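>>> Please find the sequence and the predicted model below.
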Amino acid sequence: MNDDTAVTTATTQPGNALSVGASTLADRRGIYDILLHSGIFNQSDAECVDQMFSEAFAKSSDDNYRFISCRAGDQLVGFACYGREALTHGTWDLFWVCVSSSARRQGAGRALFAEVQRQAACAAECVRLIVIYTSSTDQYAPARRLYESMGFTRAAVVLEYYAENDDLFIYTQRLARKE
Ligand SMILES: CC(C)(COP(=O)(O)OP(=O)(O)OC[C@H]1O[C@@H](n2cnc3c(N)ncnc32)[C@H](O)[C@@H]1OP(=O)(O)O)[C@@H](O)C(=O)NCCC(=O)NCCS
């Protein structure tokens, strides 16, 4: 899976070197635990991602989910899951991103995003658009700030989509056309 994912490095603070690359099977439990202890997702969310992870490894294809992991040294500190949005031409969806609660605000989220953007820019297919669906609630404020800091803009709001007083925010980023 994700054989074309280069290992990229990002240094956010002196001595804090992060690396991002394709997830490996050994990351499965760690990803599950990061979600479970995220303070935001619950067990059924973790199981949903685990199922996606298992599908991604069972059949590696351009249509399947792609997982990347972020490490500080050899420790898994976060992951992202992204891939083609079904029934579109050139639209990718960033389905999940989560950083271990003890490793936040050290650049892992930014490093994961940068790698998804890099993958989209050099994909064989022409990726025109990256889309993210998220919630309007306070606990997702860090995520929204991250998306905005990475150049995403809020393209749509669906009022009370998730629940009362919990709107759906759709963020998008258009990618430059390949020559
Ligand atoms: C959102 C999340 C992935 C960010 O990861 P992170 O590694 O902490 O983010 P980074 O350190 O790379 O931060 C990058 C930028 O995002 C913004 N940001 C991140 N966390 C923030 C916070 N708590 N408050 C305000 N801005 C924040 C800032 O602009 C930050 O840049 P800066 O540190 O230079 O100010 C992390 O908070 C997380 O896992 N949250 C729980 C899961 C979640 O909400 N996932 C998204 C679901 S849709």
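Arrived safely. Numbers count the residues shown, from 1 in each chain.
>>> So which residues of this protein form helices?
Listed in chain order, the helices of the chain (DSSP state H) span 28-36, 43-58, 108-122, 141-149.
>>> Quick one, which of those gets closest to the ligand.
helix 108-122 (2.5 Å; C-beta to the nearest ligand atom). (C-beta placed from N, C-alpha, C; glycine too.)
>>> Would you mind listing what in the chain touches the ligand?
Proximity of the chain to the ligand (C-beta under 6 Å from any ligand atom) is limited to residues 38, 40, 97-99, 104-110, 134, 140, 142-143, 145-146, 149.
>>> Let's see that with 5 Å instead.
40, 97-99, 104-105, 107-110, 134, 142-143, 145-146, 149 (C-beta under 5 Å from any ligand atom).
>>> What about those residues, which one has the most neighbours?
Neighbour counts for the residues of the chain next to the ligand, by other C-beta atoms under 10 Å, peak at residue 108, which reaches 28 neighbours.
>>> Relative to the ligand, how far out is residue 155?
Per C-beta to the nearest ligand atom, to the nearest Å, residue 155 is found 15 Å from the ligand.
>>> mind starting the numbering at 75 from now?
New numbering, starting at 75: the last item is residue 229.
>>> residue ranges with poor pLDDT in the chain?
The model of the chain has pLDDT under 70 over residues 75-90, 252-253.
>>> Hmm, residue 143 and residue 94 touching each other?
Yes: counting by C-beta atoms under 8 Å, residue 143 is a contact partner of residue 94 at 7.1 Å.
>>> pretty sure residue 186 is touching residue 155, no?
No: counting by C-beta under 8 Å, residue 186 sits too far from residue 155 to count as a contact (10.0 Å).
>>> intersection of neighbour lists for these two?
Residues touching both residue 186 and residue 155 by C-beta atoms under 8 Å, 6 or more residues apart in numbering: residue 171.
>>> out of these two, which sits in the busier spot?
residue 186 (28 against 22).
>>> Next, the contact list for the more buried one, please.
Neighbours of residue 186 in contact, by C-beta under 8 Å, 6+ apart: 94, 142, 144, 152-154, 171, 173.
>>> ok, of those residues, which one's closest to the ligand?
residue 173 (3.9 Å).
>>> Tell me what that closest one is bridged to.
For residue 173, the beta-bridge partners under DSSP bridges are residue 152.
>>> Relative to residue 241, how far out is it?
24 Å (C-beta to C-beta, to the nearest Å).
>>> and what of residue 215?
13 Å.
>>> before we move on, what about residue 250?
30 Å.
>>> before we move on, what about residue 129?
Counting by C-beta to C-beta, the gap from residue 129 to residue 241 is 29 Å.
>>> cool, and residue 105?
On the measure of C-beta to C-beta, residue 105 and residue 241 end up 27 Å apart.
>>> Fine by me, thanks again.
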